[in-house]
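S.K.: Pasted the sequence and its predicted model underneath.
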Amino acid sequence: MLKTQELQINIGPQHPSTHGVFRLVVTVDGETIVDLKPVFGYLHRNHEQLAEVSTYIQMMPFTDRLDYFNSMANNFGLAIAVEKLAGIEVPQRANYIRVLMAELTRILNHAAAVAFMINDMGAWQTPLAFGMREREKILDLFEMASGARMMCNYFRFGGIVRDLPPDFMPLLNDLMKALPTFFDETERLLRENEILLLRSEGVGILPKEVAASYSVTGPVLRASGVPYDVRKAEPYSVYNELDFDVPIGSVGDIYDRFLVRIEEMRQSYRIVQQVIERLPDTTGGHINPAMASIGKQKALKPPVGDVYGRVETPKGELGFYIVSDGSARPYRYKVRAPSFINLTPIGDMCRGHKVADVVVILGSIDIVLGEVDR
Amino acid sequence: MTVEFDRGKAYVVDRGQPKLRAGQGMIAGLDVVIRHFFSAFTKKLETPDETSGVFTVQYPEERLAMPEAFRNFPILLFDDTTGQELCTSCFQCERICPPQVIHMTQAVDPTTGKPVPAVAEFMIEYDACMSCGLCAEVCPFDAIKMDHDFELATDDRAGMTVRKADLDRPVSYYETIAPTRWAEVKDGAYKKLQGNIKRRSGSIGLSPRAATAPKKAAPAAAKPAAGVAKPVAVKTAMPMAAPGKNMSEEKLARLLSIRAANVAKAGGAAPAEAEEVLATADTDDVAEAPAAVAAARPVSSGGIPFSADNLLGGVPANTTMAEDKVERLKSIRSGNLARRG
Amino acid sequence: MNMVDAVPLPWVLAVAAGLFCIGLFGALSRRNTVGILLGVELMLNAVNLNLIAFWRYLEPNVVAGQVFALFIITVAAAEAAVGLAMIIAIYRTRLTVNADEVDSLKG
Amino acid sequence: MLQFLENIFGPSWIVSLIAFLISTTVILIVTPVTFMMMTWFERRIVARMQDRLGPNRVGPAGLLQAVADGVKMFTKENITPRAADKWVHLIAPLVATGPVIFLFAVIPWGYGLSPVDINVSVLFVIAVSSISAVGLMMGGWGSNNKFALLGAMRAVAQMVSYEIPAVIALLSMVLFTGTMNLNKYTELQGGLPILGNTLKDVIPDLGLGWFVFTPIGLVGFMIFFICILSEGERTPFDIPEADSEIVAGYMTEYSGMKFAVFYMGQFLFNYALSMVASIIFLGGWNFPGIPQLISIAPPIGALASAVVLGAKAWFLFFVMIWLRGAFPRLRMDQLMAFAWKFLLPLALINILSAALWLTIMLWCTGDCTQNPWVFTVGGINPLGWLGNSPVLRQLVGFVLTAIINAGAFFWLLNVNRRPAGETPADLARDQAFGTASLP
Amino acid sequence: MNILIMVIFVVLAAFTLAAGVMVVTVKNIIHAALWLIASFFSVAAMYLLMEAEFIAIVQVLVYVGAISILVLFAIMLTRHVTGEGVRQLYKRWWIALIVAAALFGVLIVPTVFNYEWAVQPSGAQISIASTVEIGTAFMREYLLPFEVASVLLLVALIGAIVIAFEERSTRRRVLTLAEEVEQRRQRNESLRLAPTTHASETSE
C-alpha cells in the first residue's frame, strides 16, 4: 500500500524455529522478502582437522556427531570410503545388517523431518508427537544393537561391532507391524489438509535446472524432478540385490518435498521387509575375520592414495574424500555434507515470498546444523 | 516420465488431482486426532506394534529397562574375592580414546623401583568422555567396561574428573548389568588377572574401593556408595573413615597421600570442610605427594606422539579446573613426554 | 427517579457546548492534520450529546432525536474514513502531515 | 436474581446496588476460575490427543497447574522497556481485557441467572468485543519494539476484518428471531429440530429446536465459529503471536502479571464468545429434560440449565483445542483473503436467506388487506398455496434456504479455487500476490 | 435517588471535559487519540444515563470500535515524520483559544440558561422511544435519509480506498525463482525462434 523502505530483520541464531544455531539475515520490503543471506558456522567443531590427528577407527565415533539425526548413515559413509580405500571385503550378513540400520535411520529421519516442517507451519506439535513416537521405537532398537540411541558408533571397517542381540528381531517384527498404520495415519492427517496445501503449494519452488546447478542432492533434488539417488546411481553394499523405487516430484515446491519424504519412508519400509526375509540365511559373520579385532582396526594403515566414498543419507549424498599417506592417520579428510549444500539455494528459493514462508522453506529443506558447520 | 533402474523405477509422486476442496482433508485430519484422543484414555502403549495409547514413561516412578548393550561412562573392575584390580595400566585405552580423556600412571614396586602390572593413578574426565565404548573394546584385560548408571548429575565441574576410587566397581556388579558380555570374557579375564597378581607385590594392585567396602558386601552396597559419593560435599568425607587396624604401615601412608591429594584437589570446591580436615593431616605431606607419585612414574611402552606444545598448550588457559589438577595434568603429560624422549 | 428531574437541561447543554468549544479549539490550533480530525470528532460528539439531551428532555416519545443522532454518527464515520485516507495520500506524496506545510496548491 | 432481594431489604436503590455488587463479584470470581480451568483443560486435552499425559504433577491430576502458573506469573518481574511509552504500555492489558469481562455482564449463565437483562444485548456483545482491538494496538505500540508493532498491526487487522462476518452472521440470527435480547433466544429454540415449537401441543417440548439445525443457523454458526477462532487468535488464525515468525507478536515485551492479563483476556474472550454462540445457535440451555425441569422446580431447573449451557460452551472450547491439535497456521494474506473473499459474501447471502425465510413465514394468504407482507402479481397471490399451517411454511422455508445456502457455499468455493493446470511459475505468482485464497 | 444521578452526571461531565482538554493540549498525538477514546466512552455513559440505550451502544461500537482504530492506524502509518520535536500548535494558537472561549462564554451559555425550555413535566410517565421504534422509524418516516446515508457510506468506502491505495504495478514486485526461470526460458525461446531480428536485451 504505502511506499515502504526496506527493513532488515535477523531471524537470529536463537530463533525458535531454526533447526539449531543458524542465522538468516532477511531484507524485507513490507511483507515480501527482497533478499536473504544465511549465516552459519556457529556449530563448527573442526571435524576434518580432528581427523588428521586421529586414526581411522577414532574417527568413527566423531562421524556420529556429523548429522546427529542419523548417526548410522554417517558411520556407513566412513565405512564405505575406508573399505574402498583399503580394499576390505564385507561379509554378506554384515552388509544386510548395515542396510537394515541405514533404512531404519531413513524412516526415523523422514518422520521427524516431516513433523518439524509441519510444526514450523504452526501445527501445535501433534504430527511431531506421532513422528517422535515412531522415532523412539526405532531408537530403542538402535540402543539394543549398538549401545546408544543417537551416537551409535556401530560400524567398523569390514562389518559391524557386534551381531544383533537375540531379542532384536522380535521387536523389529513388531515395529514392522506398526509402521504402515503410522504412514497411513500421517497421510490422512496431512496429505489432503487444505491449510497445508495453501501454505505449501507453490512456495519455495526450486526448478530442476537450478537444483542441479546448485548440486543439491537428496529428497530436495528428487522433489524438483531429478531422479538421482546414490543407491541407484552407484549401488554400494547390497543395494543392487534389493528392489525399491525412487519417488520424484514434479513442481519442486514444499508440497512435493513433503510427499517425496512420505513416499521414501514407504520405500525404506519395503527394503527393510526384504532385508528381514533374507537376514536368517545370509552367509558370513558380523565382520570380516581379517578385521575382526579392534587391534587390527586400530592398526589399519590403508595404502597411499585417495578415495571418494559416497552414501545416500536421508539428507542427501554424504561423501568422504580421504587422502592416505600410508600411515595410520589420514593425510586429508573432507566430508561432503548434504545439508550444507542443500542450504545454499535458500536465498533464491525465499525471494519474493513472505516472512512466514522462510521458516517453512527452511524446514522443508530439512538441514541439521551439525552437518552444515562440521 | 519414469526412469527405469534395475530392480526399481523412479515414479512421479501424485499431487492429487485438483478437485473441489470443501474441508474434507481437514475433517479427515480431525478424525485421526480424535481417535488418538479416545485411545489415549484407555490404552497405554507397551509393545512397538501399537500406534496409539499413552507412551509417556513417568521417569522417576517408572523406569525403562536398559538393554544390556547400553553404554554410558567407563568404569574399572576389581575382583570381589581378592580385591585386586584387573587393570594393568597398559595404556591401550588411553591411546585409543578419541577425545584423549583417560590419564593413568603405572604403579612401581617401591622396593625394587621396577614397574609393576598395576595402575597407580587412573583418571577419566567424564565431562569430555563421549561414551563411544572404544576403550572397553580395546582393553586386553577386560578391566574397563561401560556402565549403565546415567544419574551422574553434579553441580561441581571438578567433580566430573573421576578418579580410580570412584571408578572402581566389583566384577559382581558388572555381572548383574551385562551377564552375557561378562560370561564371554570371564575366564580369559580371570586367567590374566591371576598371572598379574603373581607379578604384583604387597598391596600394589588393591582397589581402594575393595579396602573400604567389606569383602562380602553385595555389589548394590558398592554401587549406592559410588552414587552417594558423587556429590562433592560427601565425597571428601567418604575416604576419611578411620584407617583399618590391620593395614600395613606403608599402605597407610599411601592411602593418606591419596586422600590428601583428593582433599587438596577438592580444596577449591569445599574450602570449609577441607580446612578442618587438612588440620588433621600435615600440609607439607600433601605438597610432596604429587611429586612422589610423579617420581615413582615408571617408563612404559610408547603412547600417542604428543608434541610438547600442543599438549601443554592443550590445557585451556581459562579452564575452571581446580588449580592443582592443571599441574597434575601437566606433570603427567610431561612425564609421558619425558618417557618418550 | 430518572434523569429529567435530577439534572436540569441547561446543565447538559452547557457540558455539550463546552465539549464543542474544546473541539473547536483543537481543530483550529493543531498543526497535525490528524489532530484537526480529532477536534472535529469531538465537535460531532458534542452535537450528538445535544440532540440526545433535547430528545430526552423535550419529547422522549418522539424518536426523531435518536434517529438524527444515528445519522450524525454515520456521517462522522464516513467523514473520518475519507479524511484519514486523504491524510495518508498527502503523507505519501508530501512526506508531511502538518497542515501548514501542505497549504500550497501547486504540483 | 434481583426480585427476591427486593422484598427482603428496604429502599429500592440500596437493594439494586447490593444486587449488582453480588452479581459482579460472582462474575469476577467465576471468570478467573474458568480461565484457570481452561488452561489446565487445554493442556490436558491436547496432551491426550498427542498420546501423552499432560500436567499431572502439581496437585491431583495436575489441577493446581493453573495455580502454579498463576504464582509464577505473580513472582515474575514486571519489566517495562526503557524507551517505551510507560503509561500506554501499562494500560494496554487493561484495555484489552476490561471489555472481555464487561461482556460477561450481559451473557446469561442459565435460566433466570442473567446478571443484566437489557434488550440490545447482542449489539452490546458486538460493540464491547470490538474495543479490545484498541488494547492490542496500544500494547504493540507501547512496547516500542519493531516485532511487537508488526504483531499488533496484524492482530488488529485480523480482528477488524473478522468482526464484520461475525456481526453479519449474528445479524442474520437477529433478523431470524426478531429479538436482540440474549435471554429470549432460548425460549425460541425449544421443541423439534426444524419445526421448533409449532407442534407444541402434539409433541412435548423436546428442547431440541436449536437454530443450528436450520440452514441459516448452520451457516451462521459456521461463520461465527470461524470468527471466534480468529478473534480469540486460536489455531488456524493465531498469526499475531505466531512464534515461528515474529517472536510473540504484541505480547513480546510483556512479562509477569501484564502478560497474564493479556493471556486471560484472550482465553476469556474465547469463552465469552463461545457462550454467546451456544446461546444463539446451540439453543442456550435447551436440552430434552430441561424445559420440563424448569417448569416443575425453577431453582433446580436454573442450576440444570447453567450446567447444560456451560457444557455446550466447554464443548465449543474442546472443538477449539481439537482444531489446535490438528491444523497448521494460515499465512496473513491468506487469512485476510479468506475473510473478505469467502466469509463475508457467505454471510451476506445468509442474511438474504434469513429474510427469505421470514417472508415465507409471515406471507399472508387469504384476505390480507392491510397486511404489509403480501403483493399480488396480476391479481393472484404468488405464495397463496402456502395456506396458514406454519409446519408447511417452515418446511418450504427450510428447503429454499438450504438450496440457497448450499449453492452459495459451493459457488464461493469454486470462485476462489485455484485454476487447474497451473504451471510452477503461476503457482509461485499466486503465492507471491496472495491471490490463492483456497487450494 | 436524584442526588445519585446528579453526582454521576457531574462526574461524567467533568471526565468528558477533562478528556476533551487533554485531547487538544497533549503533545504526543497517540496520547491525544487515546484521550479521545476516553471521552467517547464517557459520552456513551452519559447517553446511558439519559436512557438512550441503543445510541450509547452504537456510539461504543462505531466510535470506540471502528473510528479510533482507524485513527490509530492512520497515526501509525504517518508517525515517523511527526516527531515529538515538531511544534504541535500554531504560533498564534491563543487567538483560537479566545474565539472558542468567547463562543462558549458569551454566546452559548447565556442563551442556554436564560431560555426556559418546555421540559415535559416531571413525574409524567411518558413512554420512551426504544429500539423497536427507532427501527420502525427508519423503515417508515426516515426511509429516504436511511437510503441516502447508506449511499453516502458506500461512496465514502470506495473513495477512501481509491485515495489511499497505491496501484499494484508501481509497487516494485520481486520475482520469485520459478517466475524468473520461466521468463528466462521464454526469452531464450523467443531468441531461438527469431534469431535474425536483433532482440534488444530487456533490462532485467
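M.R.: That came in fine, so what should we check first? Computed from a predicted model, the values in this text were never measured in an experiment. Numbers count the residues shown, from 1 in each chain, chains lettered A, B, ... in the order given.
S.K.: can you count the residues close to B:Arg7?
M.R.: Burial measure for B:Arg7: 13 neighbouring residues, criterion other CB atoms under 10 Å in any protein chain shown. Using the backbone N, CA and C atoms, a C-beta is placed for each residue, glycine as well.
S.K.: what's the pLDDT at it?
M.R.: At B:Arg7 the predicted local confidence, pLDDT, stands at 83.
S.K.: Now do the same contact list for the closest residue to it other than its chain neighbours.
M.R.: Across the structure, with CB to CB, 6 or more residues apart in numbering or on different chains as the measure, the residue nearest B:Arg7 apart from its sequence neighbours is A:Asp243 (3.6 Å). A:Asp243 sits next to A:274, B:7-8 when contact means CB atoms under 8 Å, 6 or more residues apart in numbering or on different chains.
S.K.: can you do 10 Å?
M.R.: By CB atoms under 10 Å, 6 or more residues apart in numbering or on different chains, the residues touching A:Asp243 are A:267, A:270-271, A:274, B:5-9.
S.K.: ok, now A:Arg222?
M.R.: A:211, A:216, A:228-229, A:246-249, A:252, A:256-257, A:260-261, A:263-264, A:316, B:10, B:13.
S.K.: If we use 7 Å, what do you get?
M.R.: By CB atoms under 7 Å, 6 or more residues apart in numbering or on different chains, the residues touching A:Arg222 are A:229, A:246-249, A:260.
S.K.: Which two of those have the greatest separation?
M.R.: Across these, the longest distance by CB to CB is 13.3 Å; it joins A:Asp229 and A:Gly249.
S.K.: what does the stretch 51-200 of chain D put close to chain C?
M.R.: Proximity of the stretch 51-200 of chain D to chain C is not found for any residue under the rule CB under 7 Å from any CB of the partner chain.
S.K.: ok, how many other residues are close to D:Ile360?
M.R.: Neighbours of D:Ile360 under the rule other CB under 10 Å: 20.
S.K.: Which of the helices or strands spans it?
M.R.: Of the helices and strands defined by DSSP states H and E, D:Ile360 is found in helix D:344-362.
S.K.: Show me the contact partners of that helix.
M.R.: D:164-165, D:168-169, D:171-172, D:175-176, D:215-216, D:219-220, D:223, D:373, D:393, D:396-397, D:400-401, D:404-405, D:408-409, D:412.
S.K.: so who does the closest residue in space to A:Gly218 that isn't next to it in sequence touch?
M.R.: For A:Gly218, ignoring the flanking residues on the chain, the nearest one in space by CB to CB, 6+ apart is A:Gly316 at 2.7 Å. By CB under 7 Å, 6+ apart, the residues touching A:Gly316 are A:217-218, A:338, A:342.
S.K.: Sort out for me which of those residues are in helices.
M.R.: With helices taken from DSSP state H, the overlap with the contacts of A:Gly316 comprises A:338, A:342.
S.K.: ok, back up a step: by neighbour count, which of the contacts of A:Asp243 wins?
M.R.: Counting neighbours by other CB under 10 Å, the top entry in the contacts of A:Asp243 is A:Ile271, with 22 neighbours.
S.K.: Enumerate the residues of chain C near chain A.
M.R.: C:Arg92.
S.K.: Nearest to chain B within chain C, name that residue for me.
M.R.: With CB to the nearest CB as the measure, C:Ala81 is the residue of chain C nearest to chain B, at 34.8 Å.
S.K.: Just give the nearest non-adjacent residue to that residue, would you?
M.R.: E:Ala160 is the one closest to C:Ala81 (CB to CB, 6+ apart), at 4.5 Å.
S.K.: quick one: the one you found is in a helix?
M.R.: Yes. Assignment of E:Ala160 by DSSP: H, G, I helix; E, B strand; the rest coil places it within a helix.
S.K.: Burial check on it, number of neighbours?
M.R.: 21.
S.K.: how near is it to A:Gly316?
M.R.: Taking CB to CB, to the nearest Å as the criterion, E:Ala160 is separated from A:Gly316 by 52 Å.
S.K.: Could you list the low-pLDDT ranges of the chain?
M.R.: Went with chain A since none was named. Per-residue confidence for chain A (pLDDT under 70) gives these ranges: A:1-5, A:12-20.
S.K.: Please refer instead to chain E.
M.R.: Applying pLDDT under 70 to chain E flags residues E:1, E:79-87, E:121-126, E:129, E:166-173, E:195-204.
S.K.: For stretch A:143-158, buried residues please.
M.R.: In terms of neighbour count (16 or more other CB atoms under 10 Å in any protein chain shown), stretch A:143-158 has its buried residues at A:143-149, A:151-158.
S.K.: Out of the residues you listed, give me the two with the largest separation.
M.R.: Taking every pair in the buried residues of stretch A:143-158 and measuring CB to CB, the maximum separation is 24.8 Å, between A:Arg149 and A:Gly158.
S.K.: Where is the longest helix in the chain?
M.R.: Went with chain A since none was named. helix A:92-121.
S.K.: Let me rephrase: I mean chain D.
M.R.: For chain D, assigning by DSSP H, the longest helix comes out as helix D:12-49.
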